[in-house]
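Participant: A structural model of the following input is requested.
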Amino acid sequence: MNSFQTLSCKDGCLDRSNSIFKHLTPDELEKVTFDKSTEQFKRGSIIYREGSRINGCYCIQKGIIKVFKTGIDGKEQIIRFARTGDIIGFRSVLSNELACTTAEVLDEASLCYIPAETLVYLVKHNGNFSMELMQLTCKELGEANTYITDIAQKTVRERLAEILIHLKNDFGLDENNILQISLTREELANIVGTATESVIRLLSEFKHDQLIELNGRKIRILDEAGLIRIGNLYN
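Facilitator: Numbering: from 1, shown residues only. Modelled structure (predicted):
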């Protein structure tokens, strides 16, 4: 990883509607800009590992981060993907616990590292920021609860269709209806919670049923309504 010139928060991420820092005062923004450091990471870089002590959190200026847990057999279970504007590692900082996940760069990324002392200061001194952080925590907890329910009640076929729709909603499609995130078959399996072979077989079935087209890692969505129907995503 290589450091580069730090970008002022008010000139960088603040204009994004999803920025958790939009509630900060000018003085608080200056404090964050002064305290933080900005680094660039290549694909495959590990930001932090499960079980390690995190002394700060990370705000994603650019790129995609894979957040996952590792099972007893060493298999990854992908929890979520963090992207531009998201913040990761903050729960371990606030709870003063070891990291419960590993964060790995999926697409070349620029991250701002914010020391724990700075994050705690903002939580204590800015009620709107604290509320935003609490809402973010609740949102992630809700997503985790939904995933647990899906694992228990949905088939692998249903979960894969649901994941493809979620990836479409989170990352969008290009002008050719191709998902704007490139994942290996193993990574897809690690999101769905199944064997890689099962995902490969189901993707072939989806292709045969003209729901998607495949070109290496690229997945083109042909029948979004069909995937929604298979994934039971009517609500």
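
Participant: mind listing the helices for the protein?
Facilitator: 26-35, 90-95, 116-125, 127-153, 156-171, 185-192, 196-208, 224-230 (DSSP state H).

Participant: Show me what the fourth one is packed against.
Facilitator: On a contact count with 3 or more Cβ pairs under 8 Å, 6 or more residues apart in numbering; DSSP states H and E, helix 127-153 meets strand 76-83, helix 90-95, helix 116-125, helix 156-171. Using the backbone N, CA and C atoms, a C-beta is placed for each residue, glycine as well.

Participant: try 7 Å this time
Facilitator: Taking 3 or more Cβ pairs under 7 Å, 6 or more residues apart in numbering; DSSP states H and E as contact, the helices and strands that helix 127-153 lies on are helix 116-125.

Participant: For the helix it packs on, which outside residues touch it?
Facilitator: 24, 28, 31-32, 35, 55-57, 90, 93, 129-130, 133 (Cβ atoms under 7 Å, 6 or more residues apart in numbering).

Participant: Out of these, give me the one that has the most neighbours.
Facilitator: Per-residue neighbour counts (other Cβ atoms under 10 Å) across the contacts of helix 116-125 peak at Cys57, which has 24 neighbours.

Participant: That one bridge partners, please.
Facilitator: Using DSSP bridges, the bridge partners assigned to Cys57 are Ile114.

Participant: what ranges of this protein fall below the confidence cut-off?
Facilitator: Along the chain, segments meeting pLDDT under 70 span 1-18, 235.

Participant: What residues does the closest residue to Gln180 other than its chain neighbours make contact with?
Facilitator: Spatially, and ignoring its direct neighbours in sequence, Gln180 is nearest to Phe171 (4.4 Å; Cβ to Cβ, 6 or more residues apart in numbering). Residues counted as contacts of Phe171 (Cβ under 7 Å, 6+ apart) are Leu179, Gln180, Ile181.

Participant: and with 10 Å instead?
Facilitator: Residues near Phe171 by Cβ atoms under 10 Å, 6 or more residues apart in numbering: Ile64, Phe81, Arg83, Leu179, Gln180, Ile181, Ser182.
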